[in-house]
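**Q** predicted model follows, preceded by the sequence.
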Amino acid sequence: MDSLPPLPQLPPNQRTALLDTLFEPCPPLHTLSLPLLSTPTLSFPTYSDLIRAIRSQLFSLLKSSKPSDVEWLDSILRAHPRLGAKKVESKLSRGEQGAMGGGGAGVTEEERREKEEESEKLRVLNEEYENKFPGLIYMVFVNGRSRPVIMEDMRRRIDRGDIDAERAEAIEALCLVANDRAKKLQE
C-alpha cells in the first residue's frame, strides 16, 4: 500500500493492509484493532483519530491485570524491527531507520569506520536492553535524530529499569510512527 485510502467506507479487504502500513504487519494487532475498522457505529474521520483509538486499546492492555494481556501487548510492540537491524522487511521502516544515518555514497573511510563502531555500540545496547526487558525491543520515534542521540536515550531507559514505563514509551513511539507514516503517505 503506497498511499492511504480515504478512511470512511474503507473496504474490508484493505483494513489489514491499512494496519500493516501504519504500524507493521502484526497478527496480534489485527486481532485487537480490526474490529475498530469493522464496527459501523464507530467513525474515524482522520487517521489520527484511528491511531488514537488504537493507542487507547494498547494502553488498556498495559493497564490490565491479566498477564496474557501484557504478553499480547509485548507481541504487538515486538512487531517493529529492531533498531539498527541489517534486514528490515518494511519499506517504511527501512526509510525511518535510514534517517538515523548509516553511511552511503561519498563516505570517507574514517566516516565508514565511525559508522561501523556506532553500529556495534547500537547492537550491544540492543542486547543489553533486551536482557533488561525480556520480551521487548527498544522502540523510539527516530524523527531524524542521530544514532548517538538515540543511543543516549536507550542508555537512559536501560538505567531507569522500569518495564511498565518502557511499554508506555513503546506505545507512544508506535503511535508517533503511525501518525508520521499517515502524514507522509497522504502528501
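**A** Right, received. Where do you want to start?

**Q** CA only for contacts and neighbour counts going forward, please
**A** Fine.

**Q** flag every buried residue along the strand or helix carrying residue 121.
**A** In this assignment (DSSP states H and E), residue 121 forms part of helix 109-132. In terms of neighbour count (16 or more other Cα atoms under 10 Å), helix 109-132 has its buried residues at 115, 118, 119, 122, 123, 125, 126, 129, 132.

**Q** what do you get for stretch 29-43?
**A** By neighbour count on 16+ other Cα under 10 Å, the buried set for stretch 29-43 is 29, 30, 32, 33, 34, 36, 37.

**Q** which other residues reach it?
**A** 8, 10, 12, 15, 16, 19, 54, 57, 76 (Cα atoms under 8 Å, 6 or more residues apart in numbering).

**Q** is there a quick ChimeraX command that grabs whichever of these are buried?
**A** In ChimeraX, a selection of the buried entries from the contacts of stretch 29-43 looks like this (16+ other Cα under 10 Å):
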select :15,16,19,54,57,76
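
**Q** turn the contacts of stretch 29-43 into CSV, columns for distance to residue 172.
**A** Putting these into CSV (distance: Cα to Cα, whole Å) gives the following:
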residue, distance to residue 172
8, 25
10, 25
12, 27
15, 22
16, 21
19, 16
54, 11
57, 12
76, 13
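
**Q** select from the contacts of stretch 29-43 every entry located in helices.
**A** Among these, DSSP state H puts 12, 15, 16, 19, 54, 57, 76 in helices.

**Q** what about the second one, distance to residue 44?
**A** It refers to residue 15. 13 Å (Cα to Cα, to the nearest Å).

**Q** what do you get for the first one?
**A** With distances defined as Cα to Cα, the gap from residue 12 to residue 44 amounts to 15 Å.

**Q** below-threshold pLDDT in this protein: ranges please.
**A** 1-4, 8, 85-106 (pLDDT under 70).

**Q** now the helices for it?
**A** 12-22, 27-38, 47-63, 67-77, 91-98, 109-132, 147-160, 163-186.

**Q** save those as JSON lines, and put in distance to residue 140 too.
**A** Putting the helices of the chain into JSON lines (distance: least, Cα to Cα, whole Å) gives the following:
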{"stretch": "helix 12-22", "distance to residue 140": "15"}
{"stretch": "helix 27-38", "distance to residue 140": "18"}
{"stretch": "helix 47-63", "distance to residue 140": "15"}
{"stretch": "helix 67-77", "distance to residue 140": "11"}
{"stretch": "helix 91-98", "distance to residue 140": "10"}
{"stretch": "helix 109-132", "distance to residue 140": "12"}
{"stretch": "helix 147-160", "distance to residue 140": "8"}
{"stretch": "helix 163-186", "distance to residue 140": "5"}
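
**Q** that'll do, ta.
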